[in-house]
Every structure is written in structure tokens, then in C-alpha cells.
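Engineer: Here is the input, now give the coordinates:
(one chain, ligands or ions: 1)
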Amino acid sequence: MDDSSSLAPAVRSILDAARERETPDRQLSVDPEPLPDALDSAAAGGHAPVVAEVKPTSPTTDGQRDDDPAELAREMVAGGAAAISVLTEPEHFDGSTDALRTVRDAVDVPVLRKDFLLEEAQLDAVEADVVLLIARFLDGDGELEAMLAAARERGFQALVEVHDRAELRRALDAGADIVGVNNRDLAALEVDLDTFESVAPHVPDDVTLLAESGIGSPADARRMRAAGADGLLVGSAIMRGDGDVRENTRRLVTA
Ligand SMILES: O=C(O)c1ccccc1NCC(=O)[C@H](O)[C@H](O)COP(=O)(O)O
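Structural biologist: Alright, predicted model coming up:
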């Protein structure tokens, strides 16, 4: 596990809460919609492949949105989202496993479970097409490999999140085939799109590559695509204020 003293207090609090969460006493088996295919098909249709995130709030967001998650997701897909991400972390993002279930029932695109998963049993909380594994928090000996294997054993695709080249090396060595470069530094919670541009050239072509966080405008979307992103994970710019999520998604999809 990452030396927690180097993390923002909000992130330390998120990890403490994740360690406390109850885990179910069963093992899931899922039949996922392929995320790489959904991204490729959006790109082939001339659209930016956006993974739109249902993110009611966050440690860096002012305010909160209480809209029905399924309705938000339907609007995002109507705006052209290739896939949906749903925060399931309850205490800092106001997410829930129920929200993910209703979203997955409501849309026919792949759905990513966005959470802070630290142990295998946490994978069994809810079905999803893709789960997020954050390399920074799975840095014990063999920990990332074990979580990746546990996710695949259940049928999940895994998006392995990295923030620098060293984490990318670990992700690739572990066998990740879908990698996200997070522009948000979880130590300081600052966002810098240069992060993606510095890591992306080192990602092999056969890996599906997502740019995550801080994509706020069509210009940002074009910049990340030009730097090699096969997909763009966007939360705040789509959920912002009480704005129209369909229109916010469409602006980025047509970037
Ligand atoms: O978004 C936060 O404030 C945050 C704080 C601490 C840890 C993680 C956080 N975000 C998780 C994410 O990865 C983002 O929700 C996702 O990449 C979308 O980012 P954005 O488009 O910048 O909302």
C-alpha cells in the first residue's frame, strides 16, 4: 500500500472508509459488454469516445447533484457517451451499488464501477462490465496481479489506473490490457493534463488507453485524443452545476 502520508487527507479518508466497508459472502460471475469495442465503435463513427461519469459529488466538487442515476445515464448515452462510469463510493462521492445496478439496467453500453477497491471480496459487491483497479493503492508484492486475476476470474474487465511511468510499468507487468492515466494527482488532488501526455507514449498500441480526469472542454478532449487516448473518462464537466448532462456530453463527444 502506498505510503499514506503522501496522500491528500481526503484520499486517506477515502481509503480508511474503504477498509471499513462490509463485503458480501458470495462470488459474482459477470458477462460483460466489451469496453474496447464500445470505444472503437464511437471513434469509427467520428465521435470522441467518452466514458461519462455519474458523480454526484466529490472531495473537489462544490455542491451535490441528487438526480436519479439511471436518468442521468440515459441522458449521457443520448448525448453520445460510449460507456458510463458510476461512482459506488458512498461517503465521499455519494455513490452506491444500487445506483450502479439501476444504471446498468437502464443503458446498453458498458458500465464501469468507479471505486477504491483494496481487496478481492470488494469485487463482489455489485455486477459491472468493468472495474477500476488503482495501481497506487495496490502496490504490495503481487497485489495488483492478484486483484487483476480475481477480477477476470469473475468475468470483469479491469481498467488499471496509473499516474506515472513507474505505475504504468507495474500495470503492464501485471498484464493490464485496459489502462487509464489519471491526470489527477491523488497526493495533492491537482489536475494536470500534461500527465497523460507524458505517460501515453509509453503505452503499447495493443493496450486500450483512457485519459482520466480534468477534461473540461472540447479543446481538452481533442488534446487527449491527439496524445493517444482511445477513451476519455469525464465526470465533473458533464455533471457540473445543475446543467444539462445530455448537452454537456454532446459537446465533448462532438469535439
Ligand atoms: O474527483 C475527485 O475529487 C477525486 C478526489 C479524490 C480521489 C479521486 C477523485 N476522483 C475520482 C476520479 O477518478 C474522477 O471522478 C474521474 O476521473 C473523473 O474526473 P473529472 O472529469 O475531473 O471529474
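Engineer: Please list all residues in contact with the residue nearest to residue 92 when sequence neighbours are not counted.
Structural biologist: Of all residues not flanking residue 92 in the chain, residue 14 sits nearest, at 5.1 Å (C-beta to C-beta, 6 or more residues apart in numbering). For every residue, glycine as well, the C-beta is placed using N, CA and C. By C-beta atoms under 8 Å, 6 or more residues apart in numbering, the contact set of residue 14 is 59, 89, 91-92, 116.
Engineer: quick one: residue 14 from residue 250, how far?
Structural biologist: Counting by C-beta to C-beta, to the nearest Å, the gap from residue 14 to residue 250 is 31 Å.
Engineer: Spell out which parts of this structure neighbour the ligand.
Structural biologist: 10-11, 53, 55, 58-60, 182, 184, 186, 189, 212-215, 233-237 (C-beta under 6 Å from any ligand atom).
Engineer: Just the buried residues of those residues.
Structural biologist: The neighbour-count test (16 or more other C-beta atoms under 10 Å) marks 11, 53, 55, 58, 182, 184, 186, 189, 212-215, 233-237 as buried among those.
Engineer: Residue 136 reaches residue 160, doesn't it?
Structural biologist: No. Using C-beta atoms under 8 Å, residue 136 is not in contact with residue 160, being 10.6 Å away.
Engineer: out of the two, which sits in the busier spot?
Structural biologist: residue 160 (27 against 21; other C-beta atoms under 10 Å).
Engineer: Run through the residues that contact the residue nearest the centre of the chain.
Structural biologist: Centre of the chain computed as the mean C-alpha position; nearest residue by C-alpha atoms, centre = their mean is residue 114, 5.0 Å away. Counting by C-beta under 8 Å, 6+ apart, residue 114 touches 53, 55, 85-89, 95, 132.
Engineer: if we can go back for a sec, tell me which element the residue nearest to residue 92 is part of?
Structural biologist: Using DSSP states H and E, residue 14 sits in helix 9-20.
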